[in-house]
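Q: how would this look folded up:
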Amino acid sequence: MKKLFLVVTLFMAVFTLAGCKKEKVLTIYFVPSRDAAEILDATEPLKQMLIDELADLGYDYDKVEIFVGSTYEAAAEAMVSGQAEIGFLPGGTYVLYEGDGVLNVALTATRAGLTVDDDDATVWNLNEPIEGDSANQVTFYRGLLIAGPSAKGQELAAKVNDGTGLVWADLEDAVFCVRSASSSSGYIYPLLWLMDNFNKTFADLPSANVIQTSGYGASMSSLANETCDVATFYADARRTYADAWESSDDGGYGREETIWAATDVIGVTAKIYNDTISVATELVDADLLDAIQTAFINIAATTEGKAIIEIYSHEGYKRAVDSDYDSERAAKAAMEN
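A: Numbering: from 1, shown residues only. The predicted model follows:
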């Protein structure tokens, strides 16, 4: 009887311990670049896909949890505080929170490149119209300073295209349309371009000559109606707004000439690296980092995976090099100064 009691007790103890086994959970935070509910819905299939991929690589997780931070900063802070192993962070957010090695960049998102990528503005102007190149997946994009059809805009474009080159005196009476001060291609990188080429910033222009618009569409409209002479954009913005440029319908800009005939590039920014998938250093060692990199690359190569990451306009991933984000560090320093 004692033996039976001992066996039953031992069995129950083992059963209890098994029942109390702690779940192994992997936590991911996304930044709120879209509506949180939309992101959560789109990324739901990612949970099982990631569990399966990591299992094949020797890491068994019972559960993947996905959260959307209330702000970009909140997503990074969740990682820094040890609440999440993985975060989908823009480059600027990664650089802002990476201090003392608490974050490590794992992957950089890729997107379709363009038929032109050059530091020289004239190369862009000689090869218009610029087309997409989906076969060329790149980890960065450029910011462009585009001169419009106003008399001043055409004057600046002519100097660039004939090889004369611009000096500060050419720009100081031009009217610029820019985006908010946190926009990489709409403000920060064009500001770095001014600093690198003229040792000036937008603050050196008359305040009335720097117009902050509500969006890239508003900037393009202002360029078309000649409210501004130069506007700051991401590199393929003219492809985005080409139809609206010539349209007379509501929302169109009503220009007779094509956007390619009416506008020219006068400045090309440094490469702006795409969004990251970053990891919390204390929670992710080198081997797990390698597995996470492989898992996301494999997922992005599938049809279902591509549909998931499309929520962030990602098309794939490449293993990241921390030094790729040095330009973001320079931008951060410039903004702080």
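Q: what about stretch 160-178, distance to the chain center?
A: How far stretch 160-178 lies from its chain's middle: 28 Å, per CA atoms, centre = their mean, to the nearest Å.
Q: residues in contact with that stretch?
A: If you take CB atoms under 8 Å, 6 or more residues apart in numbering as the criterion, stretch 160-178 is touched by 121-122, 125, 147, 152-153, 155-156, 159, 186-187, 190, 197-198, 200, 202, 204-206, 208-213, 218-219, 222-223, 227-232, 264-266. The way it works is simple: take the backbone N, C-alpha and C, and place the C-beta from them, glycine included.
Q: Could you rerun that using 7 Å?
A: Stretch 160-178 has contacts (CB atoms under 7 Å, 6 or more residues apart in numbering) with 121-122, 125, 152, 156, 159, 186-187, 190, 198, 200, 202, 205, 209-213, 219, 222-223, 228-232, 264, 266.
Q: And for stretch 112-129?
A: Residues contacting stretch 112-129 (CB under 7 Å, 6+ apart): 130-134, 136-138, 142, 160-161, 235-236, 260, 264-268, 315.
Q: Buried only: go through the contacts of stretch 160-178 for me.
A: Neighbour-count burial (16 or more other CB atoms under 10 Å) applied to the contacts of stretch 160-178 gives 121-122, 125, 152, 156, 159, 186-187, 190, 198, 202, 205, 209-213, 219, 222-223, 228-232, 264, 266.
Q: Narrow those residues to those in helices?
A: The helices, defined by DSSP state H, take in 121, 122, 125, 152, 156, 159, 190, 198, 219, 222, 223 from the buried ones among the contacts of stretch 160-178.
Q: From residue 239, how far out is the fifth one?
A: Looking back up the chat, that one is residue 156. 22 Å (CB to CB, to the nearest Å).
Q: before we move on, the earlier item: quick one: which of the contacts of stretch 112-129 sit in helices?
A: Short answer: those in helices (DSSP H) are 160, 161, 260.
Q: By neighbour count, which of the residues you listed wins?
A: residue 160 (22 neighbours; other CB atoms under 10 Å).
Q: In the chain, which helix is the longest?
A: Longest helix in the chain, counting by DSSP H: helix 36-56.
Q: on contacts alone, who are the packing partners of that helix?
A: Applying 3 or more CB pairs under 7 Å, 6 or more residues apart in numbering; DSSP states H and E, one finds that helix 36-56 contacts strand 25-30, strand 63-68, helix 286-300, helix 303-309.
Q: Export the ones you listed to CSV and append columns for mean pLDDT, mean neighbour count and distance to residue 117.
A: Below are the helices and strands packed on helix 36-56 laid out as CSV (pLDDT from 0 to 100; neighbours: other CB atoms under 10 Å; distance: least, CB to CB, whole Å):
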stretch, mean pLDDT, mean neighbour count, distance to residue 117
strand 25-30, 97, 20, 29
strand 63-68, 97, 17, 32
helix 286-300, 98, 17, 22
helix 303-309, 96, 15, 23
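Q: Brilliant, that's me finished.
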